[in-house]
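Student: this is a predicted model, with the sequence first.
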Amino acid sequence: MALASDKAELVAVIGRRRVGKTFLVRSVYGDRIAFEISGLQNGNTEMQLQNFALAVRYAGLDDAIEPPKNWMQAFFELSRLLERRTHPEKVVLFFDEFPWLATRRSDFLQGFGFFWNSWAVKKNVVVVICGSAASWMIHKVINDRGGLHNRVTRLLHLAPFNLRETEQLLHARGIPYPPFQVLEVYLALGGIPMYLELLDAGLSPTENIHRLCFEASGYLRHEFQNLYAALFEHHEAHVSVVRALAAKRQGMTREALLQATKLTDGGGFSKVLDELTLSGFVGRFGAYGKKKKDAVYRLMDPYSLFYLHFIEEALLNPTADFRQIAQSQRYLSWAGFSYENVCLTHLHQIKQALGISGVRTSVHTFYALPEDGLPGAQIDLLIERADRCAHMCEVKFASTPYALSKAEIDRWRVRQAVFRHHTGYKFHLFNTLITTFGVAGNTAAGVADQVLVLEDLFREIPA
């Protein structure tokens with residue numbers, strides 16, 4: 001732990017907006033925080049420096065400080081003021097929304113690098129830098145080639161809650177939803193703590209989602225408009241990619257995304273994909289048997305998917321009622337797609353349920369066009385094992401035990417033949433069914449080698 005070490009520590013905490021980074025830092029360090037500043041969204045350099053002066057005064061370091069002229073002066077002043085205090089214990093300096101402090105053409109990073117290298121590194125301090133723009137933090141700080149090169153001593157990437165953690169939070173708040181209803185909430189809101197804190201214990205999942213996303217005063221009704229703007233400069237390109245991916249259930253290659261978004265190929269487009277991937281909104285999955293450029297991108301953020309499929313159109317329809325939408329076939333089809341994404345983000349739990357936690361694996365998608373008299377095929381989750389086996393996973397969302405039809409069973413067998421034909425795979429293939437409540441009767445007999453249920457995704461994974 002950084003507080004217990006005998007040296008100065010530079011701790012970087014990254015994670016998407018609303019995931020609880022600030023809450024975590026304040027909860028862990030509490031009254032050991034001797035100085036705290038949070039960057040101002042869209043603030044210019046002058047405003048950020050005024051913000052700094054107010055933060056110094058709020059911390060009780062100097063009641064009469066004037067806004068410094070530049071960041072070199074600001075950090076020199078901070079080190080001077082901290083030197084005047086006696087700190088018997090290790091103290092924490094907390095820089096929240098770090099990327100917002102580093103306004104364009106300011107000398108903030110140079111000033112911070114000077115502060116760390118010339119003062120903080122010699123002192124008994126923990127410096128915590130925190131930012132929602134994960135890609136910016138990685139490229140500008142963690143992988144910096146200048147004054148901050150290799151200076152970060154600890155990196156924490158705070159991810160959204162998984163299903164088990166979401167269930168624990170809800171139960172701790174007096175909302176004892178069973179697993180399927182936790183999943184209903186998760187499909188719409190994901191594992192974002194702030195969103196989950198908004199749920200009302202006296203309402204059902206459907207009623208809560210309607211209240212937060214469909215009522216005129218719903219807190220999450222307009223969150224999408226703020227989400228990407230707060231994270232990415234020139235966020236319009238990021239939103240274009242997100243919208244294109246939301247429309248394609250099976251995901252898209254880079255080339256397909258370029259055609260759909262009409263964006264220009266090059267480093268700028270690569271940066272957009274990189275930023276969306278590093279921030280956790282988009283997942284990149286290698287396509288089995290294909291080149292790196294044929295990797296498939298999928299929109300993985302539950303709230304963005306839910307917004308673009310349901311909330312956005314409700315903005316134009318004041319009578320839209322999620323309690324009715326949730327009963328529609330359209331919603332059930334969407335939920336099936338979203339459940340696939342949930343499985344892709346719970347691979348550790350799936351491996352544990354399959355009994356292969358200790359086996360090295362790689363995860364792929366697979367897609368093929370019709371060829372040589374065989375139909376096309378798509379596999380959204382293929383788990384290849386180091387012991388020369390692979391799991392071809394089929395994900396089915398249902399509110400009751402799932403009944404496999406003869407047509408589906410035939411498709412499974414054909415899909416194996418298509419996969420072997422295109423890849424030359426010569427080892428054993430398991431047909432693995434992942435559903436919510438298992439299968440009805442013995443409809444999976446002779447075709448599904450393993451059947452996983454929703455509770456398997458709630459497994460607690462050892463640290």
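Tutor: Looks like it arrived, so ask away.

Student: any idea how far Tyr177 is from Leu203?
Tutor: 11 Å (C-beta to C-beta, to the nearest Å). Heads up, the C-betas are built off the backbone N, CA and C, glycines and all.

Student: more neighbours: the two, which one.
Tutor: Relative neighbour count places Tyr177 above the other of Leu203 and Tyr177, with 19 against 14, counting by other C-beta atoms under 10 Å.

Student: so who does the closest residue to the more buried one other than its chain neighbours touch?
Tutor: Among residues not flanking Tyr177 along the chain, Leu170 sits closest, at 5.7 Å (C-beta to C-beta, 6 or more residues apart in numbering). Leu170 sits next to Pro176, Tyr177, Val182, Val185, Leu196, Leu199 when contact means C-beta atoms under 8 Å, 6 or more residues apart in numbering.

Student: could you look up the SS state of Tyr425?
Tutor: coil (DSSP: H, G, I helix; E, B strand; the rest coil).

Student: wait, doesn't it sit right on Phe419?
Tutor: Yes. With contact defined as C-beta atoms under 8 Å, Tyr425 and Phe419 form a contacting pair (6.3 Å).

Student: what does the worst-scoring helix or strand of the chain on mean pLDDT rub up against?
Tutor: Across the helices and strands of the chain, mean pLDDT, DSSP states H and E gives its lowest value to helix 134-137, namely a mean of 86. When contacts are defined by C-beta under 8 Å, 6+ apart, helix 134-137 is touched by residues 12, 14-16, 98-99, 129, 131, 157, 271, 274-275, 278-280.

Student: mind doing that once more with 10 Å?
Tutor: For helix 134-137, contacts defined as C-beta atoms under 10 Å, 6 or more residues apart in numbering pick out 12-16, 98-100, 102, 129-131, 142-143, 152, 155, 157-158, 231-233, 271-272, 274-281.

Student: buried only: go through these for me.
Tutor: Buried members of the contacts of helix 134-137, scored by 16 or more other C-beta atoms under 10 Å, are 12-16, 98-100, 102, 129-131, 142, 152, 158, 231-232, 271-272, 274-281.

Student: next step: those residues restricted to strands.
Tutor: Members of those lying in strands (criterion: DSSP state E): Ala12, Val13, Ile14, Ile129, Cys130, Gly131.

Student: of all the residues you listed, which two lie farthest apart?
Tutor: Spanning the widest gap among those are Ile14 and Ile129, at 9.1 Å by C-beta to C-beta.

Student: can you give the domain ranges for the protein?
Tutor: 2-157, 161-342, 346-457 (automatic domain parsing).

Student: any idea of the mean pLDDT for the shortest one?
Tutor: Read that as domain 346-457. Regarding domain 346-457, the rounded mean pLDDT is 92.

Student: please, where are all the strands along the stretch 101-250 of the chain?
Tutor: Under the criterion DSSP state E, counting those that start in this stretch, the stretch 101-250 of the chain contains strands at 125-131, 154-157.

Student: wait, which of those strands is closest to Phe114?
Tutor: Nearest of those to Phe114, taken as C-beta to C-beta: strand 125-131 at 13.0 Å.

Student: filter the contacts of helix 134-137 down to just the ones in helices.
Tutor: Judged by DSSP state H, helices contain the following of the contacts of helix 134-137: Phe98, Pro99, Trp100, Lys271, Val272, Asp274, Glu275, Leu276, Thr277, Leu278.

Student: and which of those residues is nearest to Gly373?
Tutor: Thr277 (37.5 Å).

Student: quick one: Leu433 and Arg420, what's the gap?
Tutor: For Leu433, the distance to Arg420 - C-beta to C-beta - is 20 Å.

Student: who's more crowded, these two?
Tutor: Each of Leu433 and Arg420 has its neighbours counted (other C-beta under 10 Å); Leu433 has more, 23 against 13.

Student: for Ile14 and Ile129, list the residues in contact with both.
Tutor: Phe98, Pro99, Met137, Val141, Ile142.

Student: okay, the last one and Val11: tell me how far apart.
Tutor: Note on Ile142: its distance to Val11, by C-beta to C-beta, is 11 Å.

Student: what's the overlap in contacts for these two?
Tutor: Shared contacts of Ile142 and Val11, counting by C-beta under 10 Å, 6+ apart, come down to Ile129, Val152, Leu155.

Student: for the last one, give its distance to Gly15.
Tutor: What that stands for is Leu155. 11 Å.

Student: now Phe407. Its backbone dihedrals?
Tutor: Residue 407: Ala, not Phe. phi -60, psi -40 (degrees, to the nearest 10).

Student: Arg413 versus that one, what's the distance?
Tutor: Applying C-beta to C-beta to Ala407 and Arg413 gives a distance of 11 Å.

Student: between those two, which one's more packed in?
Tutor: The neighbour comparison of Ala407 against Arg413 (other C-beta under 10 Å) goes to Arg413, with 11 against 7.

Student: quickly find the element holding that one.
Tutor: helix 406-423 (DSSP states H and E).

Student: can you verify my assumption that Glu313 contacts Arg330?
Tutor: No. Counting by C-beta atoms under 10 Å, Glu313 does not reach Arg330; the two are 11.1 Å apart.

Student: count of neighbours near the closest residue to Glu255 other than its chain neighbours?
Tutor: What sits nearest to Glu255 in space, not counting adjacent residues and going by C-beta to C-beta, 6+ apart, is Lys293, at 7.5 Å. By the criterion of other C-beta under 10 Å, Lys293 has 9 neighbours.

Student: please apply the same query to Lys123.
Tutor: 17.

Student: quick one: it from Asp62, how far?
Tutor: 18 Å.

Student: ok, now Met392?
Tutor: 65 Å.

Student: tell me which of these two has more neighbours.
Tutor: Using other C-beta under 10 Å, the more surrounded residue of Met392 and Asp62 is Met392, with 21 against 15.

Student: ok, now which ones touch the more buried one?
Tutor: By C-beta under 10 Å, 6+ apart, the residues touching Met392 are 366, 377, 379-383, 412, 415-416, 419, 429-433, 449.

Student: repeat that for Leu452.
Tutor: 343, 349-350, 353-354, 393, 395, 432-436, 438.

Student: Arg154 too?
Tutor: Contacts of Arg154 by C-beta under 10 Å, 6+ apart are Met1, Ala2, Ser5, Glu9, Leu10, Val11, Ala12, Val13, Val126, Val128.

Student: test my guess that the fourth one contacts Leu155.
Tutor: By that I understand Glu9. No. Look at Glu9 against Leu155 with C-beta under 10 Å: they stay out of range, at 11.3 Å.

Student: number of nearby residues for the nearest residue to Pro205 once chain neighbours are set aside?
Tutor: Spatial nearest neighbour of Pro205, excluding adjacent residues (C-beta to C-beta, 6+ apart): Glu184 at 4.2 Å. Neighbour count for Glu184, taken as other C-beta under 10 Å: 19.
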